[in-house]
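> Generate coordinates for the sequence data below:
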Amino acid sequence: RFLTKAMGLEIAEGSWEILPVFKSLEKYGNIPNREMFNIFNMGIGMVLALDESEAAKAISILEGGGEKASIIGRITDEAGVVNIK
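Presented below is the predicted three-dimensional model:
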């Protein structure tokens, strides 16, 4: 929602904890991986988009507050979402 039409995302699947329930739903529900992201976000709760130079500081602050945090991808100059496995 924060991207312009000319921007896209590269998401590194597995760079965050994907709970087993999502893999089970995908497998036994015969749901395509892309649909799993569209429907369930594969367990991603909240995303902060910030400059790469600020990422380590943000992760430190979040983890200091008891949250799990990780870098899951990057913004690109190409429209659309690319899932990197």
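
> Skipping its backbone neighbours, what lies nearest the most centrally placed residue in the chain in space?
What sits nearest the mean C-alpha location of the chain, by C-alpha atoms, centre = their mean, is I72, with 4.9 Å. Nearest residue to I72 in three dimensions, chain neighbours excluded: S15, at 4.8 Å (C-beta to C-beta, 6 or more residues apart in numbering). Heads up, the C-betas are built off the backbone N, CA and C, glycines and all.

> So the one you found: helix, strand or coil?
Following DSSP: H, G, I helix; E, B strand; the rest coil, the label given to S15 is coil.

> quick one: contacts for the residue nearest to the centre of the chain?
I11, A12, S15, W16, I44, V47 (C-beta atoms under 8 Å, 6 or more residues apart in numbering).

> of those residues, buried ones?
Among those, those buried by neighbour count (16 or more other C-beta atoms under 10 Å) are I11, W16.

> Tabulate the contacts of I72 in CSV, adding columns for pLDDT and distance to F37.
Formatted as CSV, the contacts of I72 follow (pLDDT from 0 to 100; distance: C-beta to C-beta, whole Å):
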residue, pLDDT, distance to F37
I11, 90, 8
A12, 91, 12
S15, 91, 13
W16, 89, 12
I44, 88, 8
V47, 90, 12
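
> And the furthest pair within the contacts of I72?
Maximum pairwise distance among the contacts of I72 (C-beta to C-beta): 12.9 Å, between A12 and V47.

> contact partners of the least confident helix or strand in the chain by mean pLDDT?
When the helices and strands of the chain are scored by mean pLDDT, DSSP states H and E, strand 80-84 comes last with a mean of 82. Strand 80-84 is contacted by residues G8, L9, E10, I11, A12, E13, N33, R34, F37, G73, T76 when judged by C-beta under 8 Å, 6+ apart.
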